[in-house]
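# below is the structure, and that's it, no one-letter string:
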């Protein structure tokens, strides 16, 4: 009986964790001296409807590697990942 309750609890936990969809942002960033630009895609932990919050979350990640966030272009769920992977290249889910 204990095994059944444990199994049901694990199923409930798994179902609950899938309720919140993953959120991703596509962005543009730059480095100076010499000027370098890149387009990338990053996973965002915050709300998926707030570009300002996504910018606040992403900017420090980029800054740690010497990049300056220029703009978050948009926010999307996992269904938008595949069509952006080639364009993002090395910066696909890097930050």
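Yep, it's here. Just so you know, these numbers come straight off a predicted model, no measurement behind them.
# C-alpha only now, for contacts and for neighbours.
Will do.
# give me the distance between the helix or strand hosting residue 25 and the centre of its chain.
Here residue 25 sits within strand 23-31, counting by DSSP states H and E. The chain centroid and the centroid of strand 23-31 are separated by 9 Å under Cα atoms, centre = their mean, to the nearest Å.
# which of the residues in that strand are buried?
For strand 23-31, a neighbour-count test (16 or more other Cα atoms under 10 Å) marks 23, 24, 25, 26, 27, 28, 29, 30 as buried.
# elements contacting that strand?
Under the contact criterion of 3 or more Cα pairs under 8 Å, 6 or more residues apart in numbering; DSSP states H and E, strand 23-31 touches strand 36-44, strand 68-76.
# ok, the last one: who's next to it in the sheet?
It refers to strand 68-76. In the sheet, strand 68-76 lines up against strand 23-31 (antiparallel) (DSSP bridges).
# now the partner strand: mean pLDDT?
Averaged across strand 23-31, the pLDDT comes to 98.
# what's the answer for stretch 48-56, then?
Averaged over stretch 48-56, pLDDT sits at 96.
# that stretch: how far from the chain's middle?
Remark: stretch 48-56 is offset 11 Å from the chain centroid, using Cα atoms, centre = their mean.
# from now on call the first residue 731
Sure, I'll start counting at 731 from here, so that last one is stretch 778-786.
# quick one, phi/psi of residue 792?
Dihedral pair for residue 792: phi -70, psi -40, per degrees, to the nearest 10.
# ok, now the one 3 residues further on?
Dihedral angles of residue 795 (phi, psi; degrees, to the nearest 10) stand at phi -110, psi 20.
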